[in-house]
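Colleague: okay, sequence plus prediction incoming.
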Amino acid sequence: MNNYKKAIVQEIDFICNISPELMRNTFSSPDKDFTRFRKQSLGSVLKMGLIKAGSCLNQQIRLCHGIGGDRPSASAYVQQRDKLTESTYRNLFYTQRNRLPDFSVYKGRYIVVAIDGSDVNIHPNHNDESTICRTYAKKYEEKAKVKTVNQVRLNAAVCVPDGFFIDYEIQDWKDRDERMACSRMMERMVKVYSAKDLLVTCDRGYESYYLMMLADSLGLKYCIRVKDVDSKVGIASRYVNLKGPDGCIDADIDKKYTFCYFVVSRPNEYPDCVYCHSNHYNPFIPKTPNKAKGGGKADGNSKLTYYQFSYRLVRFPIGDNSFETLVTNLSRDEFPLAEMKSLYHMRWGIETAFRQLKYDDCAAFMHSKKKHVAIGEIILSMVFHNICTMVLLLLSEEMQRQSENRVLAYGISYSDLPSVLRMFISCRDPTITIRKIVRELLITLQPIRASRAFDRFLINHPFVPFVYRAA
């Protein structure tokens, strides 16, 4: 117990007592901010963000500083918080990420990283056109209600099955671009981790030749779900003839990808070419000297410019009448068709991480009307989630001993972990120790039934107004 007790205490102390000099260049006013001794240090401001929950701001301050004349007012806390910028939070996130324990490896070699995105509601602002979600606004107008819904798009990279957030990109709803965010995260991850050990897995929203070519050029292994071969659009739609008697596919695709339109008008002359629309961003495919004119007829002097690229296309059943189609650069010897199904199933860990982040770690409950502060609260929630996940993994050995003589395996209820850890971080009750936290979590053990399946109900959770949060 002493090993993980020491690790937990050190991680919390590092954030709550962090030196302002480590982030001096990221403050709003580097020459003045956090230079004098004040009631609220940089560590106490960050600690407030870590232990935030769905209650009002004054309740959070009381939890952090106690009751009495020594605690700061809400306005004083807001003034200190406004000294932090998005760069401050990003710096803190990367600093804490580099202190995480070693990730779990798949097949003794690969670090599996799932990349996906999720919308997060922020405080409504009629004047911020970049974050107004027109889809929801139209929905409310149809119900004869005038309501503004502002959102940001959180694109994140999560190490699965552990659940650590290792990188992110936050975009305004109007400027959201999942594929570009994915490319930026992949380029940054290669610099931090060994490229040969990273395996990136994505859902259908990331179906793109550019991402496949980028991952391959960076030395990354990838596994991306695409639209099915029976679909009329998508990467796999041109390979419907490769289906076997059982509907499965495991084929190597080697084609020439080009912006030259005459490969469409003369398909018999270019059977091994794939036309890519020139409006799609892909720097790997060289620019073409000809453009589609006069109904797509090419000039007599047209020259084919292309990028040679190969990948593996797999298709396997996931139900009675349903199939899943993936594109990958994993070898058939190391990852046969049956192995690909279990590998892609690991991607679901990022969906669980998003749900925990938004509702258990309270990323969906903002305490500010300012967009940059709301983004900072989302980042602090990811930092807090990583601490909770570290505690969860450090206690896994204890969980295994608890499940030795039981029919089912048992695990900690994650919904109870953040609330217990917030009480420990606040330091308001000296009787709370790591040993007591472990005992509390052992009471909340839940059986793990891996074969269970439930229907997925998508419910839109609107922004919770400040006045409706209990004090």
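Modeller: Okay, I see it.

Colleague: with adjacent residues omitted, what lies nearest to Q60?
Modeller: K52 (5.5 Å; Cβ to Cβ, 6 or more residues apart in numbering). All C-beta atoms are positioned from the backbone trio N, CA, C, and that covers glycine.

Colleague: was I right about that neighbour contacting A363?
Modeller: No. Assessed by Cβ atoms under 8 Å, K52 is found out of contact with A363, at 9.3 Å.

Colleague: which residue would you name as the spatial centre of the chain?
Modeller: What sits nearest the mean C-alpha location of the chain, by Cα atoms, centre = their mean, is A156, with 2.2 Å.

Colleague: helix, strand, or coil at that residue?
Modeller: Here A156 is recorded as strand under DSSP: H, G, I helix; E, B strand; the rest coil.

Colleague: not counting sequence-adjacent ones, nearest residue to it?
Modeller: Y168 (4.6 Å).

Colleague: L326 too?
Modeller: V314 (5.0 Å).

Colleague: what about that neighbour, neighbour count?
Modeller: The local packing of V314 (other Cβ atoms under 10 Å) involves 24 other residues.

Colleague: got it, and P447?
Modeller: By other Cβ under 10 Å, 12 other residues sit near P447.

Colleague: what's the closest non-adjacent residue to it?
Modeller: L408 (4.2 Å).

Colleague: residues contacting the one you found?
Modeller: Contact analysis of L408 by Cβ atoms under 8 Å, 6 or more residues apart in numbering lists P447, I448, R449.

Colleague: same deal with I235?
Modeller: I235 makes contacts with E207, Y209, V226, K227, V327, as judged by Cβ under 8 Å, 6+ apart.

Colleague: and the nearest residue to the third one once chain neighbours are set aside, what does it touch?
Modeller: If I follow you right, that is V226. Leaving aside its sequence neighbours, V226 sits nearest to E207 (Cβ to Cβ, 6+ apart; 4.5 Å). Residues in contact with E207 (Cβ under 8 Å, 6+ apart) are I224, R225, V226, K227, G234, I235, V327.

Colleague: can you lay out the residues you listed as a markdown table showing secondary structure and pLDDT?
Modeller: As requested, the contacts of E207 are exported to a markdown table (DSSP: H, G, I helix; E, B strand; the rest coil; pLDDT from 0 to 100):
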| residue | secondary structure | pLDDT |
| --- | --- | --- |
| I224 | strand | 97 |
| R225 | strand | 96 |
| V226 | strand | 96 |
| K227 | coil | 95 |
| G234 | coil | 91 |
| I235 | helix | 94 |
| V327 | strand | 97 |
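
Colleague: highest neighbour count among those residues?
Modeller: When neighbours are taken as other Cβ under 10 Å, the top entry among those is I224 (27 neighbours).

Colleague: just grab the bridge partners of it for me.
Modeller: For I224, the beta-bridge partners under DSSP bridges are C202, V327.

Colleague: re earlier: same for the host helix or strand of the residue nearest to L326, what does it pack against?
Modeller: Element membership of V314, judged by DSSP states H and E, is strand 307-317. Counting contacts by 3 or more Cβ pairs under 8 Å, 6 or more residues apart in numbering; DSSP states H and E, strand 307-317 is packed against helix 209-217, strand 249-258, strand 323-328, helix 337-345.

Colleague: that one to helix 337-345, inter-axis angle?
Modeller: 90 degrees (axes from the mean of the first three to the mean of the last three Cα atoms, to 10 degrees).

Colleague: parallel or antiparallel, which strands does strand 307-317 pair with?
Modeller: strand 249-258 (antiparallel), strand 323-328 (antiparallel).

Colleague: related to what we said a few turns ago, run a quick neighbour tally on the residue nearest to A156.
Modeller: 19.

Colleague: check which helix or strand covers it.
Modeller: Using DSSP H and E, Y168 falls in strand 164-172.

Colleague: need the CA coordinates for that strand. PDB is fine.
Modeller: Output in PDB follows, covering the C-alpha atoms of strand 164-172 (Å, rounded to 0.1, in the frame of the first residue of the first chain):
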ATOM      1  CA  PHE A 164      -5.400   8.300 -19.600                       C
ATOM      2  CA  PHE A 165      -5.900  11.500 -21.700                       C
ATOM      3  CA  ILE A 166      -2.600  12.100 -23.400                       C
ATOM      4  CA  ASP A 167      -3.400  14.800 -25.800                       C
ATOM      5  CA  TYR A 168      -6.300  17.100 -26.900                       C
ATOM      6  CA  GLU A 169      -7.400  19.700 -29.400                       C
ATOM      7  CA  ILE A 170     -10.300  22.100 -28.400                       C
ATOM      8  CA  GLN A 171     -12.100  23.800 -31.300                       C
ATOM      9  CA  ASP A 172     -15.000  26.200 -31.600                       C
END
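
Colleague: where does this structure have low pLDDT?
Modeller: Residue ranges of the chain with pLDDT under 70: 1-5, 69, 136-146, 289-302, 397-404, 451, 454, 456-460, 465-471.

Colleague: please enumerate the strands of it.
Modeller: 111-122, 150-160, 164-172, 198-202, 221-226, 249-258, 273-275, 307-317, 323-328, 410-411, 446-447 (DSSP state E).
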